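Trainee: no sequence on this one, just coordinates:
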């Protein structure tokens, strides 16, 4: 698969603060790529550099074959960005906002109206086109943000914490739309989020800390490398669980054992078949991966 | 070009839909109007009456015409600049609330963005100032301001030039601003201070000699003088027709800033146009230079 984003040895400092320090990662075309890190880890700086909003000190950024140093306008046409906070004009209607933003890409007249019709149907905002953006609910506004980002059919959609503060139903609608676009347009999605369940759906994850890559891989690889497995045992007494000689915790109506990996779990089960009547084995979560990699918990993007 | 037109439309819609920005831009002309209607008009009327009535026989309507000319010239001279600043604050608001990021992630050229802010601010300013000119001329027609058609046309030209000047000046100052606090601070300073600096609230001739010399370096004062000359010319000619000698009229013109002096040298009206026009060209040049420099720095 073609690598659509190639970032190599990227450096950016603000005075003595090294915001990004020798950062390198590649993103394959069509994949859902999760870029994780606590606030101040260097995520926004990297995104700002990719979007041409900020200069870099050193390194190379190549997006869809275009070098940022020489061809930033071509790169801007490939990118659609949903910012953390809505950056549409609150006083203008949804229609006026989208019309003015589409014109930035030369999309006007019938082409604009056709595209608006497609997106408003997909994102379900046909009935609020005349309403001022400032009077929309958080979920409605987010849908318009995404429509704005998708208006020029970008090859890469950058989502900077897109679902923060949204209700589950709106989150579901947004992810369904994004998923449809990925399938139909082979669109690459570059996601930053502090919802680990969203990150666990990614094809590839990069975790950065202090401006450097701390870990990367598929969610499965990261879980295998940085967390163990859990065995949850039902219908068993505490005396029996103690016989296994493994670290455990009591949870509601069950006990949970911590094992290094699935192989270790299998060995315990084979050695003690009489205790394993009702049980389940689960992999560690992305929260555990993040904690193991950075030593920090990601709660609302804030280091804990 | 379509992109620039779309951006100008967006900026215009935002200015006229943002009630805060729109009404703030009208505060200065409204304050001036209230000041004149409540007491400043009477102050000027009283200052003309004893000085002239004793020696010459002037009709009350002529005195009203002089006061009216002073009123409308002050309102228009200040409004063109303060309205331009308010209209151009959109540029700063876009930076303050992060909207500029959304515009700049598109392939639109930053010079197009700057041009769209300038043209939209100019159009907003001209819309409001020409509307204000219309109201002022209607008031002048009601009171009797003795303005000829040529005076009216030249007054409209003065408003156009002052709007170009105000928009260019505000573009440069707003270029360096990026927060709501800075908008408030600059807005207050301009609204309160510009009227004094350009001689709209009080004639520059009433200030001390040093201050008069300092203010003669500011091009805005010549803009005010142009507006004043064309708003009062008719009344002054009528005054001469009613028997007031030219020497007295020249003294009145000195006291009202119709005549301006740069280190004892009287600045004629053609020179005032050259100063104002040249300043507009220089300010627009500086604005373009700043944008080019910023682009270079970002690269």
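Mentor: Thanks, I have it. The shown structure was predicted, so the numbers you read here are calculated from the model rather than taken from an experiment. Residues are numbered from 1 along each chain as shown, chains lettered A, B, ... in the order given.
Trainee: how about the residue of chain A found nearest chain B, what does it touch?
Mentor: Chain B sits closest to residue A:103 of chain A, with a gap of 3.2 Å, by C-beta to the nearest C-beta. The way it works is simple: take the backbone N, C-alpha and C, and place the C-beta from them, glycine included. With contact set as C-beta atoms under 8 Å, 6 or more residues apart in numbering or on different chains, residue A:103 has these partners: A:112, B:2-3, B:5-7.
Trainee: again, only using 10 Å
Mentor: A:109, A:112, B:2-7, B:9-10, B:106, B:108 (C-beta atoms under 10 Å, 6 or more residues apart in numbering or on different chains).
Trainee: For chain B, which residues are neighbours of chain A?
Mentor: B:2-11, B:13-21, B:90, B:93-94, B:97-109, B:112-113, B:297-299 (C-beta under 10 Å from any C-beta of the partner chain).
Trainee: would you list every one of the helices in chain A?
Mentor: A:43-50, A:72-78, A:94-103, A:109-122, A:138-150, A:168-185, A:196-199, A:219-226, A:238-242, A:262-271, A:286-294 (DSSP state H).
Trainee: so what's the residue nearest to the spatial centre of chain A bridging to?
Mentor: Residue closest to the average C-alpha location in chain A (C-alpha atoms, centre = their mean): residue A:191, at 3.1 Å. Note on residue A:191: beta-bridge partners by DSSP bridges are residue A:34, residue A:159.
Trainee: PyMOL command to pick out the buried ones of the residues of chain B next to chain A?
Mentor: In PyMOL, this line selects whichever of the residues of chain B next to chain A come out buried by 16 or more other C-beta atoms under 10 Å in any protein chain shown:
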select buried, chain B and resi 3+4+6+7+8+9+10+11+13+14+15+17+18+21+90+93+94+99+100+101+102+103+104+105+106+107+108+113
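Trainee: which non-adjacent residue is nearest residue A:9?
Mentor: Spatially, and ignoring its direct neighbours in sequence, residue A:9 is nearest to residue A:59 (4.4 Å; C-beta to C-beta, 6 or more residues apart in numbering or on different chains).
Trainee: Show me where chain B has its strands.
Mentor: All strands of chain B, identified by DSSP state E, fall at B:260-262, B:265-267.
Trainee: Mean neighbour count and distance to residue A:132 added to these, as a markdown table?
Mentor: Listed next are those as a markdown table, based on neighbours: other C-beta atoms under 10 Å in any protein chain shown; distance: least, C-beta to C-beta, whole Å:
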| stretch | mean neighbour count | distance to residue A:132 |
| --- | --- | --- |
| strand B:260-262 | 19 | 48 |
| strand B:265-267 | 13 | 49 |
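Trainee: would JSON lines of the ones you listed with mean pLDDT be doable?
Mentor: Converted to JSON lines, those look like this (pLDDT from 0 to 100):
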{"stretch": "strand B:260-262", "mean pLDDT": "86"}
{"stretch": "strand B:265-267", "mean pLDDT": "88"}
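Trainee: Could you dump these into a markdown table with distance to residue B:199 added?
Mentor: Below are the strands of chain B laid out as a markdown table (distance: least, C-beta to C-beta, whole Å):
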| stretch | distance to residue B:199 |
| --- | --- |
| strand B:260-262 | 9 |
| strand B:265-267 | 13 |
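Trainee: Show the contacting residues for residue B:237.
Mentor: B:146, B:148, B:151, B:249.
Trainee: Try it again at 8 Å.
Mentor: Shown in contact with residue B:237 (C-beta under 8 Å, 6+ apart): residue B:146.
Trainee: returning to what we had before: now, which of the residues of chain B next to chain A lie within helices?
Mentor: Per DSSP H, the residues of chain B next to chain A map to helices at B:2-11, B:13-17, B:19-21, B:90, B:93-94, B:99-104, B:112-113, B:297-298.
Trainee: With residue A:52 as the reference, measure out to residue A:74.
Mentor: According to C-beta to C-beta, to the nearest Å, residue A:74 stands 11 Å off from residue A:52.
Trainee: The two: which is more packed in?
Mentor: Shown here are residue A:74 and residue A:52; by other C-beta atoms under 10 Å in any protein chain shown, residue A:52 has more neighbours (20 against 15).
Trainee: Show the contacting residues for that one.
Mentor: Residue A:52 touches A:68, A:72, A:75-76, B:104-105, counting by C-beta under 8 Å, 6+ apart.
Trainee: Try it again at 10 Å.
Mentor: Per C-beta under 10 Å, 6+ apart, neighbours of residue A:52: A:61, A:63, A:68, A:72-73, A:75-76, A:79, B:104-105, B:107, B:298-299.
Trainee: got it, and residue A:148?
Mentor: Contacts were defined as C-beta under 10 Å, 6+ apart; by that measure residue A:148 touches A:80-83, A:86-88, A:94, A:97-98, A:100-102, A:104, A:119, A:133, B:102.
Trainee: Could I have the buried ones of the residues you listed as ChimeraX selection syntax?
Mentor: Buried members of the contacts of residue A:148 can be picked out in ChimeraX with the line below, counting by 16+ other C-beta under 10 Å:
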select /A:80,81,82,83,86,87,88,94,97,98,100,101,102,104,119,133 /B:102
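Trainee: okay, the residue nearest to residue B:10 when sequence neighbours are not counted: pLDDT?
Mentor: Excluding the flanking residues, the one nearest residue B:10 by C-beta to C-beta, 6+ apart is residue A:100, at 3.9 Å. At residue A:100, the model reports a pLDDT of 93.
Trainee: got the contact list for residue A:100?
Mentor: Residue A:100 neighbours (C-beta under 10 Å, 6+ apart): A:88-89, A:92, A:148, B:3, B:6-11, B:13-14, B:103.
Trainee: Kindly recompute the last result at 7 Å.
Mentor: Taking C-beta atoms under 7 Å, 6 or more residues apart in numbering or on different chains, we find residue A:100 in contact with B:6-7, B:10.
Trainee: Am I right that the residue nearest to the centre of chain A is in contact with residue A:32?
Mentor: Yes - Residue A:191 lies in contact with residue A:32 (C-beta atoms under 7 Å); the separation is 6.5 Å.
Trainee: what touches both of the two?
Mentor: Common neighbours of residue A:191 and residue A:32 (C-beta under 7 Å, 6+ apart) are residue A:202.
Trainee: Any idea which of the helices of chain A gets closest to residue B:164?
Mentor: Ranking the helices of chain A by proximity to residue B:164 (C-beta to C-beta) places helix A:94-103 first, at 25.1 Å.
Trainee: partners of residue A:79 in the sheet?
Mentor: Here residue A:79, judged by DSSP bridges, has bridge partners residue A:156.
Trainee: swap that for residue A:207, sorry
Mentor: Bridge pairing for residue A:207 (DSSP bridges) gives the partners residue A:36, residue A:215.
Trainee: since we're on residue B:193, how many residues are nearby?
Mentor: Neighbours of residue B:193 (other C-beta under 10 Å): 11.
Trainee: The residue nearest to the centre of chain A and residue B:83, how far apart?
Mentor: 45 Å.
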